[in-house]
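> here's my sequence, what's the structure:
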Amino acid sequence: MATLSEAAETFRGLSGAAASFFEFTQRYPGEAWELASQAGFPDWLPPGHSLTLQPWPTFVGGEKLREMRRATIEAVQLVKHVPERVFGNDAQEIARFYGLESAALAAHMLAPPNGIAEGFARCDLIDSAEGFKCLEVNASARIGGWDVSFWADLYRRTPRIAEFLAEQGLEISYVDTLEVMFSHIVWHSTQRGLGNEGSLNIAVLVNTDLAQANARAEGHFNAVLREILRERGLEGRVWIGAYPDLRVAGGVPHHRDGARVHAVVEYTDAMTPPEIYRCFKAGTVSLYGGPISHILSDKRNLALLSTLRDSDVFDGEERDLIRAHVPWSRLVLPEGQTGPGWVAAPAFGDLLAGRERLVLKKGLSFKGQDVIIGARTAPQDWEQALRNALAEGNWMVQEHVASRPYLYYHRERGPSPHEVVWGTFSFGSTFGGEFLRMMAEGLGEGIVSFAHGATKGFVFPVG
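Coordinates of the predicted model:
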């Protein structure tokens, strides 16, 4: 467990503003830090969400900010290179490794356009003693981050934080993830020749059971998109709905009200309908998400990068990037079996012996599920988990990467050392904002997720 002074030192190192805020908190020992209420906020935001936010703001600047943004883009690009670098775009091998139904399907997915270069992603980064390490890359359109402007306003309106900002002459700024996303979609879609008729419409698709509630956010989404389109001399709008709201006529997607749809964002776990995918392949719609996400979001990609780091699969610069950002990771395979490119796996006995320093992860799993931390697992349970992973064939192990301790406020413990996961976004090769998940040390069974009680924060860039 870290000491308060160690965690405070790390927090102060985020920026000069962070150091000043820490000193500000020392003037109010025993303060019950709470954010302002959500009164007046749109009804589509989760009610009471402010209670799950971290009451202390996070001001990041200088090399720390640049390092975090570099690590995001570099880690995502490494993962996007896996099909080509590791598999040589071999459809048969790709289908086998990722569990696709056929090589023909894999070949069709990889044939351009394939959605790889322009795809969205969210990294989970840990600020370790050796710099930012990427624990996983969720390379899909289900990445969120669209509400930062409202929560930034909540911090501004909180009296104690407003007092600090006034004293320091600071403004709370942020990267608006929704704005970056729409800017990327408009740029990329017009590059593909879409929107030539003077309008560009976007469908953001969610799960059917959530469509009615999420549609209440359309006003905000359209206000952001309208400004981006205006700068390009375009018109258009965004709908929030589900796939049943779309129709294909003449090889072109339309909304149920009859309007042409130029771009589809899959914020849903529904499969891409074949008729929409055919439109994407024919160039009549941009698709963000799609089947390629099944390949790129597999956590085992990091095991491939790590294992092949020093091979001639990668050039010198790529090897350095893997060394800098990817923790030691390996596939879990039966003895004698190898992965693509003759990737070897650790022996079962070594995995048993390494329990206290390893984390077991399923390749495709989300929200902290199917993550087993060896140090918090009884030896007999660890052995059984490994045997199950071997039987399923789609798991990996990764060295446990410890977060540098950060001092944040806990509503029951007061100022306490926290573990922090940096959730960072990219759109294509453009950095798209970030949020933080933080958990007081000793809670959550070592998994820093909202499902385990983590609080959420945002990065406010300074200087």
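> pull the number of nearby residues for the closest residue to L246 other than its chain neighbours.
Counting by CB to CB, 6 or more residues apart in numbering, P253 is the residue found nearest to L246 once chain neighbours are left out, at 5.3 Å. Glycine gets a C-beta too; all of them are placed from N, C-alpha and C. A count of nearby residues for P253, using other CB atoms under 10 Å, gives 24.
> roughly how far is the helix or strand containing P253 from the heart of the chain?
Element membership of P253, judged by DSSP states H and E, is strand 252-255. Remark: strand 252-255 is offset 29 Å from the chain centroid, using CA atoms, centre = their mean, to the nearest Å.
> buried stuff in the helix or strand I276 falls within?
I276 is located in helix 274-282, with elements delineated by DSSP H and E. Neighbour-count burial for helix 274-282, with 16 or more other CB atoms under 10 Å as criterion, is recorded at I276, Y277, C279, F280, K281.
> what helices and strands are in contact with the next helix or strand after it?
For helix 274-282, the succeeding helix or strand toward the C-terminus, using DSSP H and E, is strand 286-288. Applying 3 or more CB pairs under 8 Å, 6 or more residues apart in numbering; DSSP states H and E, one finds that strand 286-288 contacts helix 177-191, strand 263-266, helix 274-282.
> what does the helix or strand containing A211 contact?
A211 is located in helix 211-214, with elements delineated by DSSP H and E. Helix 211-214 is contacted from outside by W44, V206, I240, G241, A242, D245, using CB atoms under 8 Å, 6 or more residues apart in numbering.
> what is the burial count for the fifth one?
The one in question is A242. 19.
> and the gap between it and E163?
Per CB to CB, to the nearest Å, A242 is found 45 Å from E163.
> thinking again about what came up before, can you lay out the helices and strands packed on strand 286-288 as a markdown table showing mean pLDDT?
Shown next, in a markdown table, are these (pLDDT from 0 to 100):
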| stretch | mean pLDDT |
| --- | --- |
| helix 177-191 | 98 |
| strand 263-266 | 98 |
| helix 274-282 | 98 |
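> before we move on, back to that, tilt between the very next helix or strand once past the helix holding A211 and helix 177-191?
Sequence-wise, the next helix or strand beyond helix 211-214 is helix 218-231, with elements assigned using DSSP H and E. Interaxial angle, helix 218-231 versus helix 177-191 (axes from the mean of the first three to the mean of the last three CA atoms, to 10 degrees): 50 degrees.
> what helices and strands are in contact with the helix or strand following helix 218-231?
Under the assignment DSSP H and E, the closest C-terminal helix or strand after helix 218-231 is strand 238-241. Strand 238-241 sits against strand 202-205, helix 211-214, helix 218-231, with contacts defined as 3+ CB pairs under 8 Å, 6+ apart.
> just to revisit the earlier point, just the local confidence number for the residue nearest to L246, please.
Note for P253: predicted pLDDT of 98.
> my guess is it meets A259, correct?
No. If you go by CB atoms under 8 Å, P253 and A259 don't touch, sitting 10.0 Å apart.
> and the average pLDDT for the helix holding A211 is what?
pLDDT averaged over helix 211-214 gives 91.
> distance between that helix and the chain's centre?
Worked out by CA atoms, centre = their mean, helix 211-214 lies 23 Å from the chain centre.
> burial count for G30?
G30 is flanked by 6 other residues according to other CB under 10 Å.
> typed the wrong thing, it's G363
Count around G363 with other CB under 10 Å applied: 24.
> does it really touch L296, like I thought?
No. Applying CB under 8 Å as the test, G363 and L296 come out as separate, 11.5 Å apart.
> okay, and the common contacts of those two?
What both G363 and L296 touch, as defined by CB under 8 Å, 6+ apart, is an empty set.
> about what we covered before: report all helices and strands that the helix holding I276 contacts.
For helix 274-282, the packing partners by 3+ CB pairs under 8 Å, 6+ apart come out as strand 246-249, strand 252-255, strand 286-288.
> those strands: which one's closest to F21?
Proximity to F21, assessed across the helices and strands packed on helix 274-282 by CB to CB, is greatest for strand 286-288 (36.5 Å).
> would you mark the buried spots in the closest one?
Neighbour counts over strand 286-288 (16+ other CB under 10 Å) mark S286, L287, Y288 as buried.
> ditto for stretch 441-458
By neighbour count with 16+ other CB under 10 Å, stretch 441-458 contains the buried residues E441, L443, G444, G446, I447, V448, S449, A454, T455, G457, F458.
> how about the contacts made by the second one?
L443 makes contact with H452, G453, according to CB under 8 Å, 6+ apart.
> could the helices and strands packed on helix 274-282 be laid out in CSV, adding distance to D315?
Shown next, in CSV, are the helices and strands packed on helix 274-282 (distance: least, CB to CB, whole Å):
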stretch, distance to D315
strand 246-249, 42
strand 252-255, 40
strand 286-288, 29
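> pull the most distant pair out of the contacts of helix 211-214.
For the contacts of helix 211-214, the maximum inter-member distance is 17.4 Å, found between W44 and D245 (CB to CB).
> how far does the helix holding I276 sit from the chain's center?
The gap between where helix 274-282 is centred and where its chain is centred comes out at 26 Å by CA atoms, centre = their mean.
> hmm, who's touching it?
Here helix 274-282 has contacts from 108, 111, 113, 115, 243, 246, 248, 251-253, 264, 272, 285-287, 290-291, using CB under 8 Å, 6+ apart.
> quick one, which of those are buried?
For the contacts of helix 274-282, a burial check counting by 16+ other CB under 10 Å picks out 113, 115, 243, 246, 248, 253, 264, 272, 285-287, 290-291.
> tell me the one of those residues nearest D176?
Nearest member of the buried ones among the contacts of helix 274-282 to D176, counting by CB to CB, is S286, at 20.6 Å.
> quick revisit: Throw the buried residues of stretch 441-458 into TSV and include distance to R300 and pLDDT, thanks.
Output for the buried residues of stretch 441-458, formatted as TSV (distance: CB to CB, whole Å; pLDDT from 0 to 100):
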residue	distance to R300	pLDDT
E441	29	92
L443	29	83
G444	24	69
G446	21	73
I447	19	79
V448	21	81
S449	20	79
A454	25	89
T455	30	92
G457	30	96
F458	30	96
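> farthest-separated two in those residues?
For the buried residues of stretch 441-458, the maximum inter-member distance is 23.6 Å, found between G446 and F458 (CB to CB).
> just to revisit the earlier point, D381 is nearest to which of the helices and strands packed on strand 286-288?
strand 263-266 (36.1 Å).
> extract the CA atoms of the closest one and return them as PDB.
The C-alpha trace of strand 263-266 is given here as PDB (Å, rounded to 0.1, in the frame of the first residue of the first chain):
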ATOM      1  CA  ALA A 263     -22.300   7.400 -42.100                       C
ATOM      2  CA  VAL A 264     -23.200   4.700 -39.500                       C
ATOM      3  CA  VAL A 265     -21.700   4.600 -36.000                       C
ATOM      4  CA  GLU A 266     -22.200   1.200 -34.300                       C
END
